[in-house]
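Q: Okay, here's the prediction I keep looking at, along with the sequence it came from:
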Amino acid sequence: MSEAQNIKVGIISCSGEEISEGTLARNSVRIALEKFRPGKTVTICLPLFLAGDGGERAFAKKFPTITVDGCGKLCAYKATEKYSSKPNGCIDIREILKELGESAPASKRNYTEKDWALAEKIAAIIADRVDMIFEQAETGEKDDALNSSAPPVCSCMSGSPKTDMLMIGNVNTEVTLLDMIIDLTASKAIPSDEERADFLLKQAKIYNGSLLSLPDEDIKTALMKEYGKRKSST
């Protein structure tokens, strides 16, 4: 299995509500995730990341990330670098707008057709950065055009993430970072098995796009069985 098949790219968007560029960053990221690179990318919630969410920070330590900031303060980039690992790419919306010769949308809430077209144009740039990371993973080479200060993908990831085989329904499925997911769940004060199963499901889907095609109940059953087996042996 190639390095590229083992990774997903986390995209961390600016959460600034006070500037139009912040909204443009979030809309562009959503389009990149849902339209251009579904299955290859996941989003990381910056407020949860800053609040210390273990799953968000663990992902950014294990997998390559791209931050999309609304302005030159680069809050998303700096937070990711401080609490996890240096991002593999950084997009400054204001700088991109200058390069495109465009202005930020006038409204932060009511987007025109032109505004959505601009968001899609930026989403395509984000998608290109994602592709560059996958190309790096395939070739093992660093592309300085991605981000002159960023490390190569293999350095960010500290090697290929560990995978385990898990029987989900009647499908023997490869699950990435299962140890980490179970340990993270065990560290939480989750009051019921139902909520624990939901948490396991959420975390597993963050790191494993292959699970999206399988029934949630089958995934939860398999994860809870594995969780119980591993916790009883410790």
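A: Here it is on my side, so go on.
Q: domain ranges for this protein?
A: 3-157, 163-232 (automatic domain parsing).
Q: Now do the shortest one: distance from first to last residue.
A: Distance across domain 163-232, first residue to last, is 21 Å (CA to CA, to the nearest Å).
Q: what pLDDT, on average, does stretch 226-234 get?
A: Averaged across stretch 226-234, the pLDDT comes to 82.
Q: which other residues reach it?
A: 166, 178, 182, 185-186, 196, 200 (CB atoms under 8 Å, 6 or more residues apart in numbering). For glycine as for every other residue, the C-beta is placed from the backbone atoms N, C-alpha and C.
Q: quick one: low-confidence ranges for this protein?
A: Within the chain, the segments meeting pLDDT under 70 span 1-6, 47-56, 139-162, 206-210, 234.
Q: Quick one: list the elements packing against the longest helix seen in it.
A: In the chain, assigned by DSSP state H, the helix with the most residues is helix 113-139. Judged by 3 or more CB pairs under 8 Å, 6 or more residues apart in numbering; DSSP states H and E, helix 113-139 is in contact with strand 9-13, helix 20-31, strand 65-69, strand 89-92, helix 93-100, helix 153-157.
Q: Mind putting the ones you listed into TSV with mean neighbour count and distance to Gln136?
A: Formatted as TSV, those follow (neighbours: other CB atoms under 10 Å; distance: least, CB to CB, whole Å):
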stretch	mean neighbour count	distance to Gln136
strand 9-13	27	11
helix 20-31	22	21
strand 65-69	28	12
strand 89-92	23	11
helix 93-100	15	21
helix 153-157	20	5
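Q: Which residues are in contact with the closest residue to Ile190 other than its chain neighbours?
A: Spatial nearest neighbour of Ile190, chain neighbours left out: Arg196 (4.5 Å); criterion: CB to CB, 6 or more residues apart in numbering. Taking CB under 8 Å, 6+ apart, we find Arg196 in contact with 185, 190, 224, 227.
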